[in-house]
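**Q** What would the 3D arrangement of this be:
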Amino acid sequence: MGKRNVLLSVLLAGGLAVSSIPINVLAHDELGGVLIEKGTGAGYNDINAPVIEGSKNLSHLHEAAAPEMKIVREDGKANSFGDVYAYKGFAYLGTHTKNGGNGGVRVFDLKDPANPKEVTVFGNNDIPGTWQEKVIVKTVHTPDFQGDLAVVSVQQTSRSNPVSKGGFLLYDVTNPYEPKKLGFYEVTKKTNGTHELYLTTQGDKAIVLAANPYADYYSHGAEKDFQIVDVSNPSKPKKVWEFDPRTVKGVPADFDGYNWKSPDGKTRPVFNHSTMVDGKYAYVSMWDLGTVIFDISSPENPVYLGRTEFGSKQQGSAHSSALAKGGNVLVETREVYAPVKDGFEQAYGYTRIFDVKDKTNPKLLSEFKTELYDNIENGTTFANTVHDPKVQGNTLYLSHYAGGVRAVDITDPSNPVEIGKYVPEQSNIWGVFLDRNYILASDINSGLKVLQKNVGSPGATENILKDRLFN
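**A** Sure, this is the predicted structure:
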């Protein structure tokens, strides 16, 4: 089968009307024409998909624990899984859309990381017809709240459901065994809700940076994709600022909230997929507009600094980001899941690394590609693209769907080198997170994984998974 035709079975012919978008197109470029949901396409469980070695011990990473995911729903149905986060010895595992969503956030005690214990679930029965993919937890000290605050993304499985709504939930998880709901921030019903988000503090303030894909497009500019919300009083979250891409040089005033007629002559998709904060700087993944950098010293009046750019032959798809080298190096992952597109290179998404010492002028240092990036003959979708990045010291960890978790040495960010990988059987790795001396991963189908560097391998640390003490 020719490369240009391998995705005809999943691509729409011609334009796509908003009213024709199916409800199962979630968490990515839903207006771009690929009618498939993460975790459901060829390449995960298809015997004709590329064969990737499956093992619990691969090149200096091994699986220390993979707890059985018990069914926690009252209807006896199982959910699939989203991202993973860890804080103070507990793992927070988001849930995806299988069986209608409403799986909430599942909490695991990791005092013995080799034997995680699930202790509770929260956010699962708050808003019907939604799913809870992303959770961030931070210690917050404001006049209205002191403790550990969790923010949870809420997305509708169908905008036509009259009782569902999107945005994010706020919970007190100071005692992770007994989470307490504090509040909810709602975005326009016209979009699915908040996809990814980030919680940060500034003195006695707590703020959330919310990515609400297509809010600008669906609301005709009434609301924007990137919003900053003051959650200092978690029971009364308040929007304090939102980003209008039309204010960026090169984006015309008639930008419709999605289709950008870029300077390279192509019409590119623009929407906010993810947000991340490091100190006073925010890094916002705006798909083909790149990673947009703001100074948010004043969250009510952020200052646009600069953005990453793409070559004319590259699909943008800026998905998420991480920082290295004290904030001077930016890692940008690109979730290109449809590798055949007229006028572009034929490749799945790969990672780009930038020098951002000058935030107004990011400079490309290198690109990291796995062996999967140009494996397009079988027509898989998400299976071969990179997803999320995390950095610990000089090591970059990437979640890679069918490619598992990849460990990359970025001591020299101009020359990234893969040094390890974890690729379980039926790999479908969504998220990766680093907590002290171990690595957490989340598999869409099978849930939480606890990984460790192999003892005695080059660069490995001591085995202190057991008997570790957490603050």
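**Q** What segments of the stretch 101-250 of the chain are helices?
**A** Remark: helices assigned in the stretch 101-250 of the chain by DSSP state H, counting those that start in this stretch are 215-218.
**Q** At which residues are the strands of the stretch 201-350 of the chain located?
**A** Using DSSP state E, counting those that start in this stretch, the strands of the stretch 201-350 of the chain run over 205-211, 226-230, 238-242, 259-261, 267-269, 274-278, 281-285, 291-295, 303-307, 318-324, 329-334.
**Q** Same check on the stretch 51-200 of the chain?
**A** Applying DSSP E, counting those that start in this stretch to the stretch 51-200 of the chain gives strands spanning 57-58, 61-65, 81-87, 90-95, 105-109, 117-122, 130-131, 135-141, 146-156, 167-172, 180-186, 197-202.
**Q** Dump the strands of the stretch 201-350 of the chain to CSV, plus distance to Ala66 and mean neighbour count.
**A** Just so you know, the C-beta spots here come from the backbone N, C-alpha and C atoms, and that holds for glycine as well. Output for these, formatted as CSV (distance: least, C-beta to C-beta, whole Å; neighbours: other C-beta atoms under 10 Å):
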stretch, distance to Ala66, mean neighbour count
strand 205-211, 30, 25
strand 226-230, 35, 24
strand 238-242, 40, 16
strand 259-261, 42, 18
strand 267-269, 36, 16
strand 274-278, 26, 23
strand 281-285, 29, 25
strand 291-295, 33, 23
strand 303-307, 39, 17
strand 318-324, 24, 24
strand 329-334, 24, 26
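**Q** I'd like the distance between Asn445 and Lys134.
**A** 18 Å (C-beta to C-beta, to the nearest Å).
**Q** More neighbours: which of those two?
**A** Between Asn445 and Lys134, counted using other C-beta atoms under 10 Å, the more crowded position is Lys134 (26 against 18).
**Q** you'd agree that one is up against Ser153?
**A** Yes. Between Lys134 and Ser153 there is a contact under C-beta atoms under 8 Å: 4.1 Å.
**Q** Which neighbours do those two have in common?
**A** Jointly contacting Lys134 and Ser153 under the rule C-beta atoms under 8 Å, 6 or more residues apart in numbering are Gly94, His195, Glu196, Leu197.
**Q** Out of these, flag the one nearest to Asn175.
**A** Nearest to Asn175 out of the shared contacts of Lys134 and Ser153 is Gly94 (C-beta to C-beta; 20.0 Å).
**Q** The residue nearest to the closest one when sequence neighbours are not counted and His319, how far apart?
**A** In space, and not counting its chain neighbours, Gly94 is closest to Gly82: 3.4 Å by C-beta to C-beta, 6 or more residues apart in numbering. With distances taken as C-beta to C-beta, Gly82 is found 14 Å from His319.
**Q** domains for the protein, by residue range?
**A** 1-63+315-471, 126-307 (automatic domain parsing).
**Q** got those as TSV, with mean pLDDT and distance to Gly103 columns?
**A** Listed next are the domains of the chain as TSV, based on pLDDT from 0 to 100; distance: least, C-beta to C-beta, whole Å:
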stretch	mean pLDDT	distance to Gly103
domain 1-63+315-471	76	11
domain 126-307	97	7
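**Q** right, so of those domains, which gets closest to Gly89?
**A** The closest of these to Gly89 is domain 1-63+315-471. By C-beta to C-beta, the value is 3.3 Å.
**Q** of the shared contacts of Lys134 and Ser153, buried ones?
**A** Buried by 16 or more other C-beta atoms under 10 Å: Gly94, His195, Glu196, Leu197, out of the shared contacts of Lys134 and Ser153.
**Q** Tell me how many other residues surround Thr247.
**A** 9.
**Q** How about the contacts made by the residue lying closest to it once chain neighbours are set aside?
**A** Excluding the flanking residues, the one nearest Thr247 by C-beta to C-beta, 6+ apart is Tyr304, at 6.8 Å. With contacts defined as C-beta under 8 Å, 6+ apart, the neighbours of Tyr304 are Thr247, Val248, Val292, Ile293, Phe294.
**Q** Can you spell out which residues form a bridge with Tyr304?
**A** Beta-bridge partners for Tyr304, by DSSP bridges, are Phe294.
**Q** how close does it get to Arg246?
**A** According to C-beta to C-beta, Tyr304 and Arg246 sit 12 Å apart.
**Q** Please apply the same query to Asp230.
**A** Per C-beta to C-beta, Asp230 is found 24 Å from Arg246.
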